[in-house]
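Asker: predicted model, plus sequence, below.
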Amino acid sequence: MKHVNLTIICIVFFLIFSCANSPLPTRVNYLIEDMQSGDLKQQLQSCSNKSLQTTDFSIGHRGALLKFPEHSRESYSAAAKQGAGFIECDIQVTSDKELVCRHSACDLQNTTNILDTLLVNKCTQDSVIKCCVADFTLAELKSLKAKNKDKDNYGELMSHADSIDLIHSLGRKFIPEIKAVQRKTLMTDTELLGKVINEYHLHSIEPANVWIQSGDPGIVQEILKSGSAYTANFVFLDYRYSTQKDYIPSIENFKYLRSQGIENIAPPMYQLLSLDENQKIVPSSYAVYAKEAGLNIYTWTLERSGHLIKDMKNGQGSTFYYQNILPAIKMDGDTYKVLDVLARDVGIKGIFSDWPETVTYYANCMGLE
């Protein structure tokens, strides 16, 4: 009996010791070790033994896209495992008017294995092959495998209904983006929003757990006038910087958005950042005005650039999300410096990430929900 008790005690001590010395997640450890010495680095290092909890601050951008194929079962499952409180399905419409999780309307040639199947014959084949969601039925798309561009990494392609089942089973919240219908003859904006809402209703999903996002003007207008409980948490994807010539943020245009019933806004993260005279990263005028107007700010997309510094040196165009602050970006570890400014100084409510674990770790360390 004493031998058994001694064995149990040894096992307990082993587990305690193992947990106390558990290594940081690989990506998180790389970024923290790559940071410049300072208070932020020390604080992040001090949380290495902290058990990571799911947080709504961390949003899975198409899942966990840095490694797994976008909008695949594997990508969503990885995002949940990494603590993302929200997981995103970008919604596109098939030829038989069903909903499928795909980001772009016409990039199946890059995001699936369609080039290796007979379905490639339905693609547009001019100087380049272009395969569009609207040219295929849901059944045809479901016969394909999702994949990463230039990577031999496959996954299960998901319909919108599939994503609801999976994300609900994972205990996470929904943040679908309703895209513009590629061909308006397939479905009107009213029909599309209605179908999206109905699929959540049919799956008995609580409206409070659904945060529909869109930046398409037609969809936005439909959402604002819908009156549905499923649109109460609407997130306005702000593309005005690209759609309005000479767009300059002002307090007036943010107050106008509030007057239209918009409470949540999501611009790309570079719109929220600027540099002061000392080349220190600070909130931009956009960020200041949005907060003054009472808007809740979300942003995208952290880790979208992957190995930022290497790609910058190779001229691979990874600088979109950092374009306002490039002089302050010296190393991959600056990912956490940027995130810290967004969280502490801008006061964002959440951030989309291609690797949610990076954000989850920060949020847990800083006590964010």
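Answerer: Okay, I see it.

Asker: alpha carbons only for contacts and neighbour counts from here, please
Answerer: Noted.

Asker: so which residues of the stretch 201-350 of the chain form strands?
Answerer: 213-214, 235-237, 264-266, 273-275, 281-283, 296-302, 350-353 (DSSP state E, counting those that start in this stretch).

Asker: most tightly packed of those?
Answerer: Among the strands of the stretch 201-350 of the chain, the stretch with the highest mean neighbour count (mean count of other CA atoms under 10 Å) is strand 350-353, at a mean of 27.

Asker: partners of that one, with directions?
Answerer: Strand 350-353 has the following strand partners under DSSP bridges: strand 55-60 (parallel), strand 296-302 (parallel).

Asker: with mean pLDDT and distance to residue 82 added, can I get those strands in a markdown table?
Answerer: Shown next, in a markdown table, are the strands paired with strand 350-353 (pLDDT from 0 to 100; distance: least, CA to CA, whole Å):
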| stretch | mean pLDDT | distance to residue 82 |
| --- | --- | --- |
| strand 55-60 | 98 | 9 |
| strand 296-302 | 97 | 14 |
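
Asker: these: which one's closest to residue 83?
Answerer: With CA to CA as the criterion, residue 83 lies closest to strand 55-60 of the strands paired with strand 350-353, at 6.2 Å.

Asker: contact partners of that closest one?
Answerer: 76, 79-80, 83-88, 349-357, 359-360, 363-364, 368-369 (CA atoms under 8 Å, 6 or more residues apart in numbering).

Asker: of those residues, which belong to helices?
Answerer: Mapping those onto helices (DSSP state H) picks out 76, 79-80, 356-357, 359-360, 363-364.

Asker: okay, now the unreliable bits of the stretch 101-250 of the chain?
Answerer: Applying pLDDT under 70 to the stretch 101-250 of the chain flags the ranges 150.

Asker: could you redo the last one with a cut-off of 80?
Answerer: 149-152 (pLDDT under 80).

Asker: ok, back up a step: any quick ChimeraX command for the buried ones out of the ones in helices among the contacts of strand 55-60?
Answerer: Buried members of those, defined by 16 or more other CA atoms under 10 Å, are picked up in ChimeraX with:
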select :76,79,80,356,357,359,360,363,364
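
Asker: any chance of the ones in helices among the contacts of strand 55-60 in TSV, with pLDDT and distance to residue 130 too?
Answerer: TSV is the format used below for the ones in helices among the contacts of strand 55-60 (pLDDT from 0 to 100; distance: CA to CA, whole Å):
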residue	pLDDT	distance to residue 130
76	98	26
79	98	29
80	98	32
356	98	30
357	98	33
359	98	34
360	98	36
363	98	40
364	98	42
